[in-house]
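Engineer: sequence unknown, structure follows:
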């Protein structure tokens, strides 16, 4: 029986669901994999609970309740190869702790993209210099097996010819609506009302979150790229950045004719618009593309994500993975799978 | 530096390509994963070469050349946890050796379906009782990440609602042709001439190979199912089994009207025919299904494979993997990825 101690940073929606999934499946994991998962620490940005021998997290909704709040710097002396650090925050501040944990022989699993998207040396230390003790499958496509598939292709000597993908369920939904004839501003409003967008929809429409995913893929392919080297085209012009959210929604209507014109023009060629990541061995761009309606990208409906790997081995018929690339349950499950992957190696 | 010794059974097309891929990527693997792959043995059904300290396999096309031929039973005393046994044969005779190797703490990676499709206790010993030292990703969908995705879903507590898939590139090609209006017998003949079918096309048209893949998935889901419990519908009637290959091709024409009628009838409902595996929590069937033309299965073209996972978490929008599910290069690469997976755990 292998004991694996978890220290978990970030107890938002994904974090809470992950705690819940682990508690529900702990016993099966123990029985089938011989791995005994112990929650040793649970932290949010304000502090947390820690005990080397395990804490009681049965009612995470009440967290931190009566628990003793400690600074997570205090746990560092306990860290060793029996620990896995889980980062489900959206913070750019966790890198230091993750790096330190790896130095102390811990394993790490993150759904947080930020530590991978800053300084290239940070990425290198986390992913390439950590002897494969760092897991980040859910940073691109949530629970879909994207990172691992890419790594397997590269490690077995395949050559990536092109990767294309739609990595935003929100933008996928919006472009499906536009295809149905809905005006751009209406589609955004609908996505907003359905809770598909961030509170400020510009966080989706800027494409920055998609660019971060593209960056993670490009870096995983071994390229020393920085976020500002990704050719990113936003869905709204720069001058709309400073508006209030209400004013932003108002001015969105001014963009409707442009989108309508592009949609009609694409339609005449049997094509449709998608917000696409396209990368080959040299470049990486993120923006609107005209794609064949009958293609994999063109037949994508609603909030699904899709990734198309064209490689030397998968050339005429690419390798394709499709499904919801966001969502609390599937993201938490993806992190859980990473934890188990790490635990098997521990 | 971790030394991993490989004993490889089966040096057909996939086997030779695997040897080639490993030789070409050995150095990168050593550098990036710190894993040093050593070929210790190479065997076909007639015998093989073995040396605990490594053999020279640079020119596998000349195998066995001047090498000393040994019986692979003789290598058993050398086996320990540093060995991985690779089975790229299509033999039902390897089970005994694989089981013995697992008992001696070896790791095993197979593209050979046969040892997994016989006696249920064999499956159980290889997959469930081997402490996850047995890898078989390529037995379903070749290099596509099917088995591993299924295992991750189950281990993280998801519930499988339904799995549907097309697992025969040959039958995929044939049904794409039928959809284009080509007669069934013509489509089979074309597939035969293009080398897509086995020398006796009945080996594809019986659906038995697809049923084996279905069985592996069902067993991986934890069900004690036997091959004869899969509801298998062949593409030709039983009385055509004893004909010569030439006579078989002649009589295929008699089936054309049936297929044409079914295709037209499906077409009227916006549907098309596919040869599909369908399994839920209770049953598993393999045969022709009418599927919506616009569905994932219906829009499948040519020899691609496709698997659709509908689970509690992936319900409205299922998780889908698509791509060539056969082929020498991608199958060898899939076995290679399994070897690396095992090597990381060793």
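Structural biologist: All right, it came through fine. Just so you know, these numbers come straight off a predicted model, no measurement behind them.

Engineer: longest helix of chain A?
Structural biologist: helix A:13-33 (DSSP state H).

Engineer: what mean pLDDT does the helix or strand following that one get?
Structural biologist: Where DSSP states H and E defines the elements, the next helix or strand beyond helix A:13-33 is strand A:35-44. Mean pLDDT, computed over strand A:35-44, is 92.

Engineer: what's strand A:35-44 in contact with?
Structural biologist: A:1-11, A:19, A:22, A:26, A:29-30, A:48-55, A:57, A:60, A:63-64, A:72, A:75, A:78, A:83, A:339-340, A:343-344 (CB atoms under 8 Å, 6 or more residues apart in numbering or on different chains). C-beta coordinates here come from the backbone N, C-alpha and C atoms, glycine included.

Engineer: buried members of the residues you listed into ChimeraX, please.
Structural biologist: ChimeraX command restricting the contacts of strand A:35-44 to the buried ones, with burial defined by 16 or more other CB atoms under 10 Å in any protein chain shown:
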select /A:4,5,6,7,8,9,10,11,19,22,26,29,48,49,50,51,52,55,57,60,63,64,72,75,78,83,339,340,343,344
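
Engineer: hey, where'd the strands end up in the stretch 101-250 of chain A?
Structural biologist: A:107-110, A:134-135, A:160-166, A:231-232 (DSSP state E, counting those that start in this stretch).

Engineer: mind listing what's buried along the longest one?
Structural biologist: Read it as strand A:160-166. A:160, A:163-166.

Engineer: what's the burial count for residue A:183?
Structural biologist: Per other CB atoms under 10 Å in any protein chain shown, the neighbour tally for residue A:183 reads 17.

Engineer: who's in contact with it?
Structural biologist: A:253, A:256, A:259-260 are the contacts of residue A:183 under CB under 8 Å, 6+ apart.

Engineer: in JSON lines: the residues you listed, plus secondary structure and pLDDT.
Structural biologist: Formatted as JSON lines, those follow (DSSP: H, G, I helix; E, B strand; the rest coil; pLDDT from 0 to 100):
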{"residue": "A:253", "secondary structure": "helix", "pLDDT": "95"}
{"residue": "A:256", "secondary structure": "helix", "pLDDT": "96"}
{"residue": "A:259", "secondary structure": "helix", "pLDDT": "95"}
{"residue": "A:260", "secondary structure": "helix", "pLDDT": "95"}
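
Engineer: buried ones among those residues?
Structural biologist: Applying 16+ other CB under 10 Å to the contacts of residue A:183 flags A:256, A:259 as buried.

Engineer: among the contacts of strand A:35-44, which are in strands?
Structural biologist: A:2-9, A:48-50, A:83 (DSSP state E).

Engineer: and those, which two are the farthest apart?
Structural biologist: Maximum pairwise distance in those, criterion CB to CB, is 24.6 Å, between A:2 and A:48.

Engineer: tabulate the contacts of residue A:183 (JSON lines), appending distance to chain B.
Structural biologist: As requested, the contacts of residue A:183 are exported to JSON lines (distance: CB to the nearest CB, whole Å):
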{"residue": "A:253", "distance to chain B": "30"}
{"residue": "A:256", "distance to chain B": "28"}
{"residue": "A:259", "distance to chain B": "25"}
{"residue": "A:260", "distance to chain B": "25"}
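
Engineer: for the closest residue in space to residue A:179 that isn't next to it in sequence, helix, strand, or coil?
Structural biologist: Spatial nearest neighbour of residue A:179, excluding adjacent residues (CB to CB, 6 or more residues apart in numbering or on different chains): residue A:272 at 5.2 Å. At residue A:272 the chain is in strand, as set by DSSP: H, G, I helix; E, B strand; the rest coil.

Engineer: run through the bridge partners of residue A:272.
Structural biologist: Residues in a beta bridge with residue A:272, per DSSP bridges, are residue A:291.

Engineer: quick one: contacts for it?
Structural biologist: A:175, A:179, A:263, A:266, A:290-291, A:293, A:298.

Engineer: any of the residues you listed buried? List them.
Structural biologist: A:175, A:179, A:263, A:266, A:290-291, A:298.

Engineer: out of the residues you listed, who's nearest chain B?
Structural biologist: residue A:298 (10.8 Å; CB to the nearest CB).

Engineer: for the closest one, helix, strand, or coil?
Structural biologist: coil.

Engineer: just put the buried residues of strand A:160-166 in JSON lines and tack on pLDDT.
Structural biologist: Shown next, in JSON lines, are the buried residues of strand A:160-166 (pLDDT from 0 to 100):
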{"residue": "A:160", "pLDDT": "96"}
{"residue": "A:163", "pLDDT": "97"}
{"residue": "A:164", "pLDDT": "97"}
{"residue": "A:165", "pLDDT": "96"}
{"residue": "A:166", "pLDDT": "97"}
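
Engineer: make CSV out of these and add distance to chain B.
Structural biologist: Below are the buried residues of strand A:160-166 laid out as CSV (distance: CB to the nearest CB, whole Å):
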residue, distance to chain B
A:160, 13
A:163, 13
A:164, 14
A:165, 13
A:166, 13
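
Engineer: which parts of the stretch 201-346 of chain A are helices?
Structural biologist: For the stretch 201-346 of chain A, applying DSSP state H, counting those that start in this stretch gives helices covering A:202-205, A:208-220, A:245-252, A:256-268, A:328-345.

Engineer: give the rounded mean pLDDT of the longest one.
Structural biologist: It stands for helix A:328-345. 95.

Engineer: buried set for that helix?
Structural biologist: Applying 16+ other CB under 10 Å to helix A:328-345 flags A:328-344 as buried.

Engineer: that helix versus helix A:13-33: what angle between them?
Structural biologist: On the basis of axes from the mean of the first three to the mean of the last three CA atoms, to 10 degrees, helix A:328-345 is oriented at 40 degrees to helix A:13-33.

Engineer: what helices or strands is helix A:328-345 leaning on?
Structural biologist: With contacts taken as 3 or more CB pairs under 8 Å, 6 or more residues apart in numbering or on different chains; DSSP states H and E, helix A:328-345 sits against strand A:2-9, helix A:13-33, strand A:35-44, strand A:83-87, strand A:107-110, strand A:134-135, helix B:147-155, helix B:328-345.

Engineer: all set now, cheers.
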